[in-house]
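after the sequence you'll find the predicted model.
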Amino acid sequence: RGAAIYSTLLELHVSVTDMTECMCMLDGRFDQLRILYITVYRNLPRSLNLEHEQKLLPNLRIFSFCCKEKINNFDESIVPLLRRMLNLEELDLNIIVKCNENFIDGDTLKKDIIIYIPRLYKFTFNICSTIDHRNQTNFPLNKHIEKTFKYFSNNQIITCIDHFQEE
């Protein structure tokens, strides 16, 4: 009975505890799913060793992802997940990402995500990148970050860089 629900569900709005639950939902059982809105509440695990992690999601057209806590492994979790969505048309990301060296900018989004989703025509995002600058003296300027969004024509891009001292 449950398999019939999985195979016929076209749209799903769901909140889950962590990224492991999100990945389990995208293991192929919802193979007809076209629209998915997902909110993750707890921090993402350091590593995701799930065998279904690489299954493609060709029917997914609209994906909205919101994570309420800081993501420590964007390149290992979010990027591979989005690359599985080959026919995605609309993407909404609302995330906070801990970066090691560089902010997530327009160049990063194009190189790591957008070129892998050729049908994407609407990309809405609120990405807050955080970097520990204790040992760094050369900070990027807001103008430099803005220039990396040159590929996002006909869109309103607002960038803001704030520097905070750890207490």
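Ah, there it is.

can you show me the strands along this protein?
Read by DSSP state E, the chain holds these strands, from start to end of the chain: 11-16, 35-40, 62-67, 90-99, 122-131.

show me how far the third one is from its chain's centre.
Right, strand 62-67. Computed by C-alpha atoms, centre = their mean, to the nearest Å, the chain-centroid distance of strand 62-67 equals 7 Å.

and it, C-alpha only, in CSV?
The C-alpha trace of strand 62-67 is given here as CSV (Å, rounded to 0.1, in the frame of the first residue of the first chain):
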residue,chain,number,x,y,z
ILE,A,62,10.7,22.4,-8.7
PHE,A,63,12.9,22.0,-5.6
SER,A,64,13.0,24.3,-2.6
PHE,A,65,15.5,23.6,0.1
CYS,A,66,15.8,25.4,3.5
CYS,A,67,18.2,24.5,6.2
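
partners of it, with directions?
strand 35-40 (parallel), strand 90-99 (parallel) (DSSP bridges).

check those strands for me: which has the lowest mean pLDDT.
Among the strands paired with strand 62-67, strand 90-99 has the lowest mean pLDDT, at a mean of 90.

now the top helix by length along the chain: average pLDDT?
When the chain is parsed with DSSP state H, its longest helix is helix 74-83. For helix 74-83, the mean per-residue pLDDT is 90.

so where is this structure shaky, pLDDT-wise?
Low-confidence segments of the chain (pLDDT under 70): 1-6, 44-53, 133-146, 148-149, 151-167.

the helices in it, which residues?
Counting by DSSP H, the helices of the chain are 2-8, 19-25, 74-83, 106-112, 142-147.

for the residue nearest the centre of the chain, give its distance to residue 41.
The centroid of the chain falls nearest to residue 78 when counting by C-alpha atoms, centre = their mean (4.6 Å). In this view, residue 78 and residue 41 are 16 Å apart by C-beta to C-beta, to the nearest Å. No exception for glycine: its C-beta is placed from N, CA and C like everyone else's.

before we move on, what about residue 110?
29 Å.

before we move on, what about residue 70?
For residue 70 relative to residue 41 (C-beta to C-beta), the value is 12 Å.

what does residue 99 give?
Distance, residue 99 to residue 41, using C-beta to C-beta: 22 Å.

ok, those two, which is more surrounded?
Taking neighbours as other C-beta atoms under 10 Å, residue 99 and residue 41 compare with residue 99 leading, 16 against 13.
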